[in-house]
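Trainee: Turn this into a structure:
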Amino acid sequence: MPLFPEVAAVVIVYFPDEQVVKNIQSYSGNFAELLIIDNSPTASQSLKHLAEICGSYYHDGENGGIALRLNQACKWAKSKGFNCLLTMDQDSSFTPTNLQRYREAFLEGSIVDRMAMMGLEYSSEEKDSEKFSLVKDSILITSGSIVNLDAASEIGGFNEQYFIDEVDSEFCQRAMVAGYSIIEVKGVYLYHHLGEIAQYRSLKNLKTTARSLHSPLRIYYMIRNYLDMRSRYVMHFPKLYRQLDASMRNRIKNNLLYNQKRWQVIRMMWFAFKDYHRGRFGKFGA
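Mentor: Residues are numbered from 1 along each chain as shown. The predicted model follows:
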């Protein structure tokens, strides 16, 4: 019997390699059913084979982004009779110890009144912990989170206008405004790779530090969607947005100073501000 017999799982992939297959194998047998959604133009034979063993594989040759695919997965899980869905990114994996601890936390957290989503801390190291605690009203990432499907349906699912980026943050804030709880499990870890991280020398103090950079297109989605999300929720979560504003300013600064595609970044930033003010959302250029 799987470790989570009452929970279905979905992972959304894009140009998956063999490491992605290994990541999925770290948890695939521990959930009742697994749906692999492939946003790549060409189907993955490795993932097709894996799905024959532990679940289902969906590929339509289109890049549907994240929000649309999550909503499709929610409908799929509900049609299978599930009320909880684990959502995963291709860059994430579990250790057996963290999966077992997540099970314990899930059983404890599932009785929290009006819980919409439960998720984990994430790390760039595969580390384990012997203790966990539950913290209410956090902002979670999609990967490693378990969604209450009834709650998701009541608040309108994931925001498909965003396509990618801030999909998870916007969902959490919308759920909390609607009176739902978002639960973060402290002390249970998901291994998660975040963007392109490299060492760069600061132009201010000449110290070398790790900085996360992104493609110009990702910067577009990050800025456009963040501006829209901020306009909706800053009055509800002013303290949170003081932190998020600082994080966004730092992200923009790092990409302007250290990204090798600096002029493309500037161009996409201009499109992000332009499209936000025009109310143009969805997939860029569509």
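Trainee: Next, count neighbours for F284.
Mentor: 16 (other C-beta atoms under 10 Å). All C-beta atoms are positioned from the backbone trio N, CA, C, and that covers glycine.
Trainee: Phi, psi for it please.
Mentor: phi -60, psi 130 (degrees, to the nearest 10).
Trainee: Could you grab the helix/strand/coil label for the spatially closest residue to it that is not a sequence neighbour?
Mentor: The shortest distance from F284 to any non-neighbouring residue, by C-beta to C-beta, 6 or more residues apart in numbering, is to Y220 (5.9 Å). Here Y220 takes the helix state, with states given by DSSP: H, G, I helix; E, B strand; the rest coil.
Trainee: can I assume E121 is in contact with L190?
Mentor: Yes. Here E121 reaches L190: they are 7.2 Å apart, a contact under C-beta atoms under 8 Å.
Trainee: So for these two, which residue has more residues nearby?
Mentor: L190 (25 against 21).
Trainee: Mind listing what's buried along stretch 94-107?
Mentor: Within stretch 94-107, the residues that count as buried by 16 or more other C-beta atoms under 10 Å are F94, T95, N98, L99, R101, Y102, A105, F106.
Trainee: likewise stretch 176-189?
Mentor: In terms of neighbour count (16+ other C-beta under 10 Å), stretch 176-189 has its buried residues at M176, Y180, S181, I182, I183, E184, V185, G187, V188, Y189.
Trainee: Can you tell me how far the last one is from S143?
Mentor: Computed with C-beta to C-beta, to the nearest Å, the distance linking Y189 and S143 is 12 Å.
Trainee: Find the residues that touch each one of those two.
Mentor: Residues touching both Y189 and S143 by C-beta atoms under 8 Å, 6 or more residues apart in numbering: Y122.
Trainee: correct me, but A9 touches K80?
Mentor: No. Look at A9 against K80 with C-beta under 8 Å: they stay out of range, at 11.3 Å.
Trainee: wait, doesn't I155 sit right on A116?
Mentor: Yes. Contact criterion C-beta under 8 Å: I155 and A116 qualify, at 7.3 Å.
Trainee: what about the strands in the stretch 101-250 of the chain?
Mentor: Remark: strands assigned in the stretch 101-250 of the chain by DSSP state E, counting those that start in this stretch are 115-123, 133-136, 145-148, 181-192, 196-201, 208-213.
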